[in-house]
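# The following comprises the amino acid sequence and a computationally predicted model.
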Amino acid sequence: MISVTMLFLVFSGIVILGYLLNALFSRIKIASILPLMLLGLIVGPVLRLINTGSGSIVSSISPYISAVAIAFVLFDVGLSIDINTLKRVILKVSKFLFALSITTGIAIGMILWLALQWNIVVAFIAGFALAGPSAIILPSIVKLTRVNEKLKSALVFESVVTDSIQLIIPIMLFQMLAEGNFSAVAGIRMLISFFVISPIFGILSAFFWVFMLRQFPKYSKEYSWMLTITMVIASYGLAQAMGLSGAVATFIFGIFLINIPKLSPFLEKYTYDIRREFVHIKDYQREITFFVSTFFFFYIGLLVSISEFNLWLLFIGLVVALLIFYLRSLFVPMLNGLFDKARYEEEKTFTMFDVARGLSPTIVATMPLALGMVIPGFVDLLFTVIILTNIIMTVGMYLYASKAYKRKNFYKSHAKGEA
């Protein structure tokens, strides 16, 4: 059992490591996600300094840790998006994400069905759980880059929507396994609640909160972030209780809260007195999100299962990870027009390597046990792919940073030559 003193040292060490990796990214070209996940893997499943097995405190609190991470990170992501930019890219990125996620989910499902001889429904559950990039990991990565605002908004939107797809389809397929049938009506109802009602709920929450901030200006100035994040958590919890998507609701909450003044001249005038509070909320949320996401990446490493790990599973995981990268590279040309011409090569590289999986497959991995199902290799395969896709993205970030560095030096030397 880890001592209190050691717990404090690990706690502070994780924060400092995350800070140093982010601060030194331009030099070492390695983002903090993979090192933090590997640290969690070593501390937990490998050295067993912390009990992370089935029934442990670490595993039992995973739904709560995930909920906090989703609420804090996706609210921060929403605050960083300009709604006018999002409107310009939403049609193109929607075509891209649905085509890619469906193709990826089906392709992975077929490979797992043939290679591991799983039930075909189980194979497609795993396939669609791995169908898109993580809405937790990508925002942390994109902050370290200088990709243009259109591409940034497109990739963030893609990650949030595909994270929902990675939960919706596996949940429906698990329902089919558990009950022996599938209701098309229930499936349509779930899609509507995730992609129609959840955004509406987030919009209404944002307008309600702007109204409250204006009604109590004194407390808004003194406690604006604390009150706002309380509202975000309440919105997430209420959305989940209503059968909606808390992730989508908090993401939309953040977008509309920061962009309400841009919607009309009336709303611009209406929010004039609390505009400074928006800036304060955004700045403070950025710091808290760094803190939360740093520990969440470490926590994912703690949850990695190596109980049934073998070379065949590693090989299949590697095949799946490389397939994810290959399919994404095939579909990336659909986003042409969103890349900055001066940074075309590096932005295309970043987009191609945006394959890191994280939150959704982690949640799906725990579902069979919750339903009383035993699927040999299911958890281990998903976590293997999570680790491997994060390795691939780390390589991609190195290539992206190298290309950006070379372009910057090229323009500097060119400018000196002209002088």
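Received the coordinates, thanks.
# any idea of the pLDDT on the residue nearest to Ile83 when sequence neighbours are not counted?
Setting aside the residues directly before and after it, Ile83 is nearest to Asn259 in space (C-beta to C-beta, 6 or more residues apart in numbering), at 4.0 Å. Bear in mind the C-beta positions are built from the backbone N, C-alpha and C, glycine included. According to the prediction, Asn259 has pLDDT 92.
# swap in Lys408?
We note a pLDDT of 67 for Lys408 in this prediction.
# pretty sure Ala123 is touching Gly109, no?
Yes - using C-beta atoms under 8 Å, Ala123 is in contact with Gly109, at 4.6 Å.
# Kindly provide the distance from Phe278 to Leu311.
To Leu311, Phe278 is 53 Å away according to C-beta to C-beta, to the nearest Å.
# the more surrounded of those two?
Shown here are Phe278 and Leu311; by other C-beta atoms under 10 Å, Phe278 has more neighbours (20 against 7).
# who's in contact with Val364?
Listed by C-beta atoms under 8 Å, 6 or more residues apart in numbering, the contact partners of Val364 are 125-126, 129, 166-167, 170, 382.
# so can I have JSON lines of those residues showing neighbour count?
JSON lines is the format used below for the contacts of Val364 (neighbours: other C-beta atoms under 10 Å):
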{"residue": "Ile125", "neighbour count": "29"}
{"residue": "Ala126", "neighbour count": "29"}
{"residue": "Ala129", "neighbour count": "29"}
{"residue": "Gln166", "neighbour count": "27"}
{"residue": "Leu167", "neighbour count": "22"}
{"residue": "Pro170", "neighbour count": "26"}
{"residue": "Leu382", "neighbour count": "25"}
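# Quick one, which of those has the minimum pLDDT?
Out of the contacts of Val364, that is Leu167, at 85.
# Next up, the contacts around it.
Leu167 makes contact with 360, 363-364, according to C-beta under 8 Å, 6+ apart.
# pLDDT below threshold where in the stretch 51-200 of the chain?
Applying pLDDT under 70 to the stretch 51-200 of the chain flags the ranges 178-183.
# Please tell me I have it right and the residue nearest to Ile83 contacts Asp82.
Yes - using C-beta under 8 Å, Asn259 is in contact with Asp82, at 6.9 Å.
# In terms of neighbours, single out the busier of the two.
Asn259 (19 against 16).
# Next, find the distance separating the more buried one from Glu287.
In this view, Asn259 and Glu287 are 21 Å apart by C-beta to C-beta.
# Spell out the secondary structure type for the residue nearest in space to the middle of the chain.
For the chain, the residue nearest the mean C-alpha position is Ala135 (1.7 Å; C-alpha atoms, centre = their mean). Following DSSP: H, G, I helix; E, B strand; the rest coil, the label given to Ala135 is coil.
# Phi and psi next, for it.
phi -80, psi -10 (degrees, to the nearest 10).
# measure it to Ala186 for me?
Separation of Ala135 from Ala186 (C-beta to C-beta) stands at 24 Å.
# Next: Ser193.
Distance of Ser193 to Ala186, computed by C-beta to C-beta: 11 Å.
# just Phe291 next, same as before
Distance, Phe291 to Ala186, by C-beta to C-beta: 39 Å.
# How about Val248?
19 Å.
# which of the two has more neighbours?
More neighbours surround Val248 than the other of Val248 and Ala186, with 26 against 12 (other C-beta under 10 Å).
# Mind telling me what element the more buried one is part of?
Using DSSP states H and E, Val248 sits within helix 246-259.
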